[in-house]
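Peer 1: Could you work out the structure for the sequence below:
(one chain, ligands or ions: 1)
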Amino acid sequence: MSLRSIIVGQFKRPHGLLGILAGLIMAKRQSNRKRNLWTVDLLAPETDHRVLEIGCGPGLALKACADKVSGGIVVGIDHSRVMVRQARHRLAREIAAGRADIRLCSLSDVALEPDAYDRVYSLNVVQFFPDMQDDFRQIHRCLVEHGMAATTYQPRSKNPTKKEAFEMATRIETVMKDVGFSDIARHVLRLEPAPAICVIGYKGGMAA
Ligand SMILES: C[S@@+](CC[C@H](N)C(=O)[O-])C[C@H]1O[C@@H](n2cnc3c(N)ncnc32)[C@H](O)[C@@H]1O
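Peer 2: Here you go, the predicted structure:
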């Protein structure tokens, strides 16, 4: 196994000591912080919203959401024990207050409550979805009518390019349209060495 595949594996499902390190890198790396906060700004969660993050990692974006959702709840799911531990640590106060919940599970294996969330988002997780159609169908199902889904991706390959980011945006847009999202729009954040894209869409269209 190459060193690169070991590192990629750690971002797909962090585990052991290297996984702890991967979580610390995700929480500290400037591009990751910018991407997380930019996505939360695009989500614009309201005070009483119910928000779900898929693959919450160390919980950076979830914490930023919790700060905005003082009367609602934020839920994070991640299939890595190490990440769930780090996110629970970061959101300990919100969990104690009943305003946050971090669950150990995979999007593909869990049956999310239907019509339950106002916002559902993920950040650099979509590239790991085993079946994008199935996974986006599940995201669509768990949103309330006019709820918003946001999917952010910044390529992390050896030599990442803008083309790679835009190709993923097109794939996401196609799948979202197929499973029933509408008012789909693409946003771009300039970052080095490659931009981040965020594709937003609504179940049943944007609220009037
Ligand atoms: C590259 S990390 C990104 C973490 C976080 N979203 C961030 O940007 O800081 C990907 C995370 O998604 C989780 N993950 C990947 N596929 C998943 C799935 N199908 N269900 C739940 N979690 C998943 C991994 O365990 C990892 O914590």
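Peer 1: strands paired with the lengthiest strand in the chain, and their directions?
Peer 2: Criterion DSSP state E: the longest strand present in the chain is strand 143-153. Sheet pairing for strand 143-153, assigned by DSSP bridges, gives strand 117-123 (parallel), strand 196-203 (antiparallel).
Peer 1: Quick check: beta-bridge partners of residue 100?
Peer 2: Where residue 100 sits in a bridge, its partners, by DSSP bridges, are residue 74.
Peer 1: Could I get the contacting residues of it?
Peer 2: Residues in contact with residue 100 (CB atoms under 8 Å, 6 or more residues apart in numbering) are 62, 66, 73-76, 91, 94. Bear in mind the C-beta positions are built from the backbone N, C-alpha and C, glycine included.
Peer 1: Residue 165 too?
Peer 2: Residues in contact with residue 165 (CB under 8 Å, 6+ apart) are 153-155, 188, 194-197.
Peer 1: Residue 78 now?
Peer 2: Contact partners of residue 78, counting by CB under 8 Å, 6+ apart, are 55-57, 84, 87, 102-105.
Peer 1: Over to it: give its phi and psi.
Peer 2: Dihedral angles of residue 78 (phi, psi; degrees, to the nearest 10) stand at phi -160, psi 140.
Peer 1: looking at the sheet around it, what are its partners?
Peer 2: As for beta bridges, residue 78 partners with residue 104 under DSSP bridges.
Peer 1: Give me the pLDDT for it.
Peer 2: At residue 78, the model reports a pLDDT of 97.
Peer 1: which one of the contacts of residue 78 sits closest to residue 201?
Peer 2: Here the nearest of these to residue 201, counting by CB to CB, is residue 55; it sits at 18.1 Å.
Peer 1: do you know how far the residue nearest to the closest one when sequence neighbours are not counted is from residue 156?
Peer 2: Distances taken as CB to CB, 6 or more residues apart in numbering put residue 125 closest to residue 55, at 3.3 Å, once the chain neighbours are dropped. According to CB to CB, to the nearest Å, residue 125 and residue 156 sit 12 Å apart.
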